[in-house]
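Trainee: Output the structure for:
(4 chains)
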Number of protein chains: 2
Amino acid sequence: MTVRRQPDATRQRLLEAAFAEMHRYGYHASSLDQILRATEVTKGALYHHFRNKQALGLAVINEVVRPWIETRWRPMLESERPLQAAIDHVNAHADTVDQNMLELGCPFANLVQELAGSDAVFQQPLFDIFFEWKRGLIESVRKSQTIGEGRDDVDPEDIAVFVISAIEGMWAIAKASRCHEHFRASHRGLVLFLESLRA
Amino acid sequence: MTVRRQPDATRQRLLEAAFAEMHRYGYHASSLDQILRATEVTKGALYHHFRNKQALGLAVINEVVRPWIETRWRPMLESERPLQAAIDHVNAHADTVDQNMLELGCPFANLVQELAGSDAVFQQPLFDIFFEWKRGLIESVRKSQTIGEGRDDVDPEDIAVFVISAIEGMWAIAKASRCHEHFRASHRGLVLFLESLRA
DNA sequence: CAACGTACATACTGGTCGGTATGTAACGCA
DNA sequence: TGCGTTACATACCGACCAGTATGTACGTTG
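Mentor: Presented below is the predicted three-dimensional model:
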């Protein structure tokens, strides 16, 4: 029995399995035993890497969910014409999401719904993710206004917050209807809104 | 001990307590024992009125959540000028929601996030609520187009689905940030969108 | 090669969960 | 006034939960 010990890999496997479990069932309904079964890791190993279930949940939020969200708005901010980039991105986005993802919903939105209202420990990291996202969008809107791409009679913060609302809502509606067409319909609605922001 | 038996009142108390519990903690995290403690009803009484936890959850969805949602879109449909009614309603809406409600989030959205993806039994009733809502909004948009109030170069279904998305998203964002100002900001964004629909 | 900390593994605990079996008192109806 | 059904009440169950106590083997370091 020369089984290698790979602490980093073990931790990563736990993180990914925990993310999958939390994405599907939510935080509270996720079972550590089930995660251990899925990863073929033992309870001793899990509690070696994470102090408790809460710590595991926090690690999932900070190390998996946060980067996942950031990759979605970062490209827009870095574009030369943010508004056009946003429209293009939204136009393309609906088709990059598969049925499975659609039924599970947005990982961030799921966790917010479940945890932001009740569990104090999770509020801050979830709020941080939202706040970074908002900041990225505000900057994007400002930039598009500065270069004369977007109309400047609107408040960038209102736009940013509303766009995030719409995106999170799109996920929710897709989940409720389990139907890609509704997902696409709301994407078209969002594009309609973004078009109305052109200068 | 001449304790009266009031089956309807008991059932109603259980329903309302279950709704409150599910609104705050979600379905899975709701504890029947906690509901019994809150209502001072015994387990025998609960299981007399409801076959199991699932049946209680379904009753909450159909008899509490569904009417709650319907009261929100019904007035719009019945208005003479639906688009203007919608704008007025959204303008006023943000201030009619108190801090507590804001932190708990939209009961419908919460349940969708938790149950629509995983639990087959809850999918249909939740979808029905969404579908009725959508139908109400589509009719409203069509009406506003017919009377020349709204532009008619947009698809009523796209608008309806997007508006629902935006509303559900607004709740989610308010919950994430626990901040009324974000709630109001996204309301202003939604009004901006609705204004762009004027003929 | 010895020793020590890291990285696991196993077995178990107390508590809570939804659900059930069984009993009983209030009520409508004869 | 008796009888059956409705509306509860109480006690208990097995399953599962997060968490812990304890043990052990790997692997780096001196």
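Trainee: Just the element for the residue of chain A found nearest DNA strand C, please.
Mentor: Closest to DNA strand C within chain A is A:Gly44: 1.6 Å, counting by Cβ to the nearest atom of the strand. Just so you know, the C-beta spots here come from the backbone N, C-alpha and C atoms, and that holds for glycine as well. Assigned by DSSP states H and E, A:Gly44 belongs to helix A:43-49.
Trainee: Just the CA coordinates for that helix, please, in CSV.
Mentor: Provided in CSV are the C-alpha atoms of helix A:43-49 (Å, rounded to 0.1, in the frame of the first residue of the first chain):
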residue,chain,number,x,y,z
LYS,A,43,-14.0,12.4,7.3
GLY,A,44,-10.6,12.8,8.9
ALA,A,45,-9.1,14.2,5.7
LEU,A,46,-12.0,16.7,5.3
TYR,A,47,-11.7,17.9,8.9
HIS,A,48,-8.0,18.2,8.4
HIS,A,49,-8.4,20.6,5.6
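Trainee: can you give me the strands in chain A?
Mentor: Under the criterion DSSP state E, chain A contains no strands.
Trainee: low-scoring stretches of it, by residue?
Mentor: Counting by pLDDT under 70, chain A shows low-confidence ranges at A:1-5.
Trainee: ok, is the longest helix anywhere in chain A in contact with DNA strand D or not?
Mentor: In chain A, taking DSSP state H as the definition, the longest helix is helix A:120-146. No: Helix A:120-146 lies out of reach of DNA strand D by Cβ under 7 Å from any atom of the strand, never closer than 11.1 Å.
Trainee: now for that helix, which elements pack on it?
Mentor: helix A:53-60, helix A:66-77, helix A:82-93, helix A:107-111, helix A:156-177, helix B:156-177 (3 or more Cβ pairs under 8 Å, 6 or more residues apart in numbering or on different chains; DSSP states H and E).
Trainee: got the angle between the fifth one and helix A:120-146?
Mentor: On the basis of axes from the mean of the first three to the mean of the last three Cα atoms, to 10 degrees, helix A:156-177 is oriented at 120 degrees to helix A:120-146.
Trainee: Convert the C-alpha atoms of helix A:156-177 to PDB, please.
Mentor: Presented in PDB, the C-alpha positions along helix A:156-177 are these (Å, rounded to 0.1, in the frame of the first residue of the first chain):
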ATOM      1  CA  PRO A 156     -24.100  54.600 -13.800                       C
ATOM      2  CA  GLU A 157     -24.900  53.000 -10.500                       C
ATOM      3  CA  ASP A 158     -28.600  52.600 -11.300                       C
ATOM      4  CA  ILE A 159     -27.600  50.900 -14.500                       C
ATOM      5  CA  ALA A 160     -25.100  48.700 -12.900                       C
ATOM      6  CA  VAL A 161     -27.500  47.500 -10.100                       C
ATOM      7  CA  PHE A 162     -30.300  47.000 -12.500                       C
ATOM      8  CA  VAL A 163     -28.200  45.000 -15.000                       C
ATOM      9  CA  ILE A 164     -27.000  42.700 -12.200                       C
ATOM     10  CA  SER A 165     -30.600  42.400 -11.000                       C
ATOM     11  CA  ALA A 166     -31.700  41.500 -14.500                       C
ATOM     12  CA  ILE A 167     -29.000  38.900 -14.900                       C
ATOM     13  CA  GLU A 168     -29.700  37.200 -11.600                       C
ATOM     14  CA  GLY A 169     -33.400  37.300 -12.400                       C
ATOM     15  CA  MET A 170     -32.800  35.700 -15.800                       C
ATOM     16  CA  TRP A 171     -31.200  32.700 -14.000                       C
ATOM     17  CA  ALA A 172     -34.100  32.500 -11.600                       C
ATOM     18  CA  ILE A 173     -36.700  32.500 -14.300                       C
ATOM     19  CA  ALA A 174     -34.800  29.900 -16.400                       C
ATOM     20  CA  LYS A 175     -34.800  27.800 -13.300                       C
ATOM     21  CA  ALA A 176     -38.400  28.200 -12.600                       C
ATOM     22  CA  SER A 177     -39.400  27.400 -16.200                       C
END
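Trainee: Can you list the buried residues in that helix?
Mentor: Buried residues in helix A:156-177, counted by 16 or more other Cβ atoms under 10 Å in any protein chain shown: A:156-177.
Trainee: and that helix, anywhere near chain B?
Mentor: Yes: counting by Cβ under 8 Å from any Cβ of the partner chain, chain B has neighbours in helix A:156-177: A:157-159, A:161-170, A:172-173, A:175-177.
Trainee: same for that helix, what does it pack against?
Mentor: helix A:99-104, helix A:107-111, helix A:120-146, helix A:180-195, helix B:120-146, helix B:156-177, helix B:180-195.
Trainee: again, 6 Å this time
Mentor: Applying 3 or more Cβ pairs under 6 Å, 6 or more residues apart in numbering or on different chains; DSSP states H and E, one finds that helix A:156-177 contacts helix A:120-146, helix A:180-195, helix B:120-146, helix B:156-177, helix B:180-195.
Trainee: Pull the residues that contact the helix holding A:Gly44.
Mentor: Helix A:43-49 has contacts (Cβ atoms under 6 Å, 6 or more residues apart in numbering or on different chains) with A:Thr10, A:Arg11.
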